[in-house]
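Asks: Let's see this in three dimensions:
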Amino acid sequence: MRGRSRAVSAKPRRRKPGARKRSSGTEAARPRSSAAANQESEIARVARELAEARQEQTAAADVLRIISSSPGDLEPVFKAMLVSATRLCEASYGTMWLHESDGQMRVAAKHGILPEPFDEQWRVGRLFRPAPSVPTARVFATGKLVQVTDLREYRSYFDRDALTVASVEIAGIRTLISVPMLKGGAVVGALNVYRREVRPFTDKQIDLVQNFAAQAVIAIENARLLSELRESLEQQTATADVLKTISRSTFDLQTVLNTLADSAGRLCQAENVQIFLRDGEVYRLVASNGFSPEYQEYVRQHPITAGRGTLVARTALVVAPVHIPDVLVDSEYTYHEGQKLSGYRAMLGVPLVREENCIGVMAITRQAPQPFTAKQIELATTFADQAMIAIENARLLNDLNKLNQQLEQRVSDQVGEIERMGRLRRFLPPQVADLIVASGNEKQLESHRREITALFCDLRGFTGFSESSEPEDVMALLRDYHEAIGQIVIKYSGTLERYAGDGVMVVFNDPVPVENPALQAVLMALEMRNAIGALTESWRRWGHDIGFGIGIAHGFATLGTIGFEGRFDYAAIGTVSNVASRLCDEAKPGQILISPRVLTKVENAVTVEPVGEFTLKGIRRPVMAYNVLESTPSKLN
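Replies: The predicted structure follows:
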């Protein structure tokens, strides 16, 4: 009773202020269990991430191992990438596309069990020309990643693009990502992974696929570089000895051909090589390697004739490489006696071509019926080209020896022609000089008397300009002046008698006759005035007050070459030259003064005005002068 009474009457103890209520053992254990659970969850998360990281590293290592073990074979590398990408991204399918020219793309590799019709459609090597709205086509166009959450809701499906429709309705593809393979900013391909359910790929999965795409580009570049290196090394190895022999044996064609035969047999993995050259209607053996003396003697006694029964004749007929994997099963081959003596089975013929004609054949043979590879056929073609070079070198050398004596004489003759041409071009128009040289007769240049028209022109104010200007400015002005009138003199077939500084004398009707020399001179003067008028305007803007005057006279003169060896000139001596020069002195800027005799020759073709009589130095009587204003085109015609 006592105990129960205490229990009933016992009052609860008061807790001191701030004291915590004691927890039972069960209540105290609960926080510890939650913490443990959180810790276990964190450990599981870390373990999962580590496992994923190990998987990614293992996949990357596998791909790199395949790249290193198969540097020239891309398909297994791409296949390994797709296997890892689809597995790590929880995808159903994967494809690798390469960007081809002209807007096409090619299936480079694929992974995943596809429905049979679609599997054939996506076969490796097939070319597609996708519509612009297709996801991979967008990647090729933009160079940016494309993720499609639901292909059934994508534009190319609504456009009923055949590839997209088949992807959805046959392969069951819903979600996909297409990642560009970039090299130097250019898209070389795309790596695609696909899901059969609508579930977007995570950022981490996209990063993973992008890493595989980058590795694919590395593999492509490695394969390209390795292929180029191998081809280069093979070509260099194949040609170095031959080119060395060609360069050292310019005069010995036989040595070059023997070296070619040896090299071609070794590098094409063939036992025997022959080189035939055309001799009229047959082909004769000129070099060989590996054949028995009996066979070589047989071939020399039986030169190859036209037809398709032998490798050489067939190659010469088609002027292209001929490949016979086994002569015993070739229905057209009939040269069996030679085959029995040598025992060859596989044959390769390559033509030696000059100007699209076959002048010879290189024949390469094997004892076993083993076909030649495309690379070996290409290499044999290179050897044939080198043989052609050696043959051409020898031919050209023989021709050169025959031509040497002729060339020496021709050079001597040409030097003489050049000297004559240079001498004549000093004072004659080019066409006149060419005419005299072509005729081989310079009698026109000997001293003689003829009726001519003489034209003299010079610049007004040139003396004052040259005294007050820098020599460089004077030379520049003379260059412009001479260039302007020089082309006009040539145009009108004038003969440049002389020029000194700004003074120029031109004669017409000698040494080549002119139908109306006075009219030719006046027309030339009008064109000169126009040309120099434009120049004087520019000179005036520079502050130079320079004009241009012309004097023209008609009469008899004595003409011919004067001077000494190495420095000849063509001169016109007589009053007509003096009158032209003095009229030029009297001409004001822009005037073309002509004598009365000139006027009688041109009065129906030009408009003139009388200027008056002039007392000219050295001329006894005053000379009436006329200024030419313009030509009259209607009268000229």
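Asks: Now do the most centrally placed residue in the chain against residue 515, distance only.
Replies: Geometric centre of the chain, nearest residue: residue 101, 19.5 Å, by Cα atoms, centre = their mean. From residue 101 over to residue 515 the distance is 66 Å, taken as Cβ to Cβ, to the nearest Å. For every residue, glycine as well, the C-beta is placed using N, CA and C.
Asks: Next: residue 551.
Replies: Taking Cβ to Cβ, one finds residue 551 at 22 Å from residue 515.
Asks: what's the answer for residue 145, then?
Replies: Taking Cβ to Cβ, one finds residue 145 at 84 Å from residue 515.
Asks: before we move on, the earlier item: so residue 551 and residue 515 - more neighbours on which side?
Replies: residue 551 (27 against 7; other Cβ atoms under 10 Å).
Asks: quick one: the more buried one and residue 582 touch, right?
Replies: Yes. Between residue 551 and residue 582 there is a contact at 6.8 Å, judged by Cβ atoms under 8 Å.
Asks: just for the protein, where's the confidence low?
Replies: Low-confidence segments of the chain (pLDDT under 70): 1-33, 35-72, 227-228, 230-251, 400, 407, 411, 413-444, 565-568, 634-637.
Asks: and it, what are its domains?
Replies: The record's domain parsing of the chain by automatic domain parsing lists 56-63+67-226, 249-398, 430-636.
Asks: among the ones you listed, which is nearest residue 34?
Replies: Comparison of those against residue 34 by Cβ to Cβ identifies domain 56-63+67-226 as nearest, at 29.4 Å.
Asks: chain center to that closest one, what's the gap?
Replies: Here domain 56-63+67-226 is found 35 Å from its chain centre; the criterion is Cα atoms, centre = their mean, to the nearest Å.
Asks: quick one, helices of the stretch 151-300 of the chain?
Replies: 155-158, 162-169, 203-248, 253-267, 293-301 (DSSP state H, counting those that start in this stretch).
Asks: Identify the residues contacting residue 212.
Replies: By Cβ atoms under 8 Å, 6 or more residues apart in numbering, the residues touching residue 212 are 63, 81, 84-85, 179, 191.
Asks: try 7 Å
Replies: 81, 85, 191 (Cβ atoms under 7 Å, 6 or more residues apart in numbering).
Asks: how about CSV for the residues you listed, with neighbour count and distance to residue 479 added?
Replies: Converted to CSV, those look like this (neighbours: other Cβ atoms under 10 Å; distance: Cβ to Cβ, whole Å):
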residue, neighbour count, distance to residue 479
81, 28, 72
85, 26, 75
191, 29, 69
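Asks: could those be laid out in CSV, adding distance to residue 599?
Replies: Formatted as CSV, those follow (distance: Cβ to Cβ, whole Å):
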residue, distance to residue 599
81, 98
85, 101
191, 94
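Asks: closest to residue 609 among these?
Replies: The closest of the contacts of residue 212 to residue 609 turns out to be residue 191 (Cβ to Cβ; 92.0 Å).
Asks: Pull the contacting residues for residue 383.
Replies: For residue 383, the contact set (Cβ under 7 Å, 6+ apart) comprises 260, 263-264, 362.
Asks: May I ask which two of the residues you listed are separated the most?
Replies: 263 and 362 (11.2 Å).
Asks: what's the longest strand in this structure?
Replies: strand 547-564 (DSSP state E).
Asks: List the strands paired with that one, with their directions.
Replies: Strand 547-564 has the following strand partners under DSSP bridges: strand 448-460 (antiparallel), strand 567-573 (antiparallel), strand 592-594 (parallel).
Asks: hmm, back to that, can you tell me the SS state at the residue nearest to the centre of the chain?
Replies: coil (DSSP: H, G, I helix; E, B strand; the rest coil).
Asks: OK, contacts around it?
Replies: Contact criterion Cβ under 7 Å, 6+ apart gives no residues in contact with residue 101.
Asks: What backbone torsions are found at it?
Replies: Backbone geometry at residue 101, expressed as degrees, to the nearest 10, gives phi -70, psi 160.
Asks: Same question for the one 10 residues further on.
Replies: Residue 111 has phi and psi values of phi -150, psi 140 when expressed as degrees, to the nearest 10.
Asks: since we're on it, how many residues are nearby?
Replies: Considering only other Cβ under 10 Å, residue 111 is surrounded by 22 other residues.
Asks: Verify the stated contact: it with residue 91.
Replies: No. The pair residue 111 / residue 91 is not scored as a contact, 9.3 Å apart, by Cβ atoms under 7 Å.
Asks: Quick check: neighbours shared by the two?
Replies: Listed as contacting both residue 111 and residue 91 by Cβ under 7 Å, 6+ apart is no residue at all.
Asks: how many neighbours does residue 225 have?
Replies: Residue 225 has 11 neighbours, counted by other Cβ under 10 Å.
Asks: Sorry, wrong one. I was asking about residue 169.
Replies: Every residue meeting other Cβ under 10 Å relative to residue 169 is counted, giving 13.
Asks: does residue 133 sit in a helix, a strand or a coil?
Replies: Here residue 133 is recorded as coil under three-state DSSP.
Asks: Surely it touches residue 158?
Replies: No. Judged on Cβ under 7 Å, residue 133 makes no contact with residue 158 at a distance of 8.7 Å.
Asks: Tell me which of the two has more neighbours.
Replies: More crowded of residue 133 and residue 158, by other Cβ under 10 Å: residue 133, with 15 against 11.
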